[in-house]
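**Q** Structural data only, the sequence is not supplied:
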């Protein structure tokens, strides 16, 4: 089975570079849309936790990591979701940087 890089190289060699570029751009746009939608869903969940506990997700994450908030299940869920949210933000920056 050929790797993605090998497949891209073959397409480049046969003159299909523009087609590949268009297809990859479309895939990146689709991934941006998917990740942005997921971010909106995660924001709603994070907002619920922020209202419940009266602090920002960023502050809760910092305090949780330093052991200041304890270790109840809500806090594990909240900080886990916040970490996914932050990771997705980085992914979005990378993806948008390639358009």
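**A** Received the coordinates, thanks. Since we're looking at a predicted model, the values are computed, not measured.

**Q** helices or strands next to the worst-scoring helix or strand of the chain on mean pLDDT in the packing?
**A** The weakest-scoring helix or strand in the chain, judged by mean pLDDT, DSSP states H and E, is helix 4-13 (a mean of 90). Where contact means 3 or more C-beta pairs under 8 Å, 6 or more residues apart in numbering; DSSP states H and E, helix 4-13 is packed against helix 17-53. Where C-beta positions appear, they are placed from N, C-alpha and C, glycine not excepted.

**Q** circling back to that earlier point, hmm, who's touching the least confident helix or strand of the chain?
**A** 2, 17, 19-20 (C-beta atoms under 8 Å, 6 or more residues apart in numbering).

**Q** change it to 10 Å
**A** With contact meaning C-beta atoms under 10 Å, 6 or more residues apart in numbering, helix 4-13 is reached by 1-3, 16-17, 19-21, 23-24.
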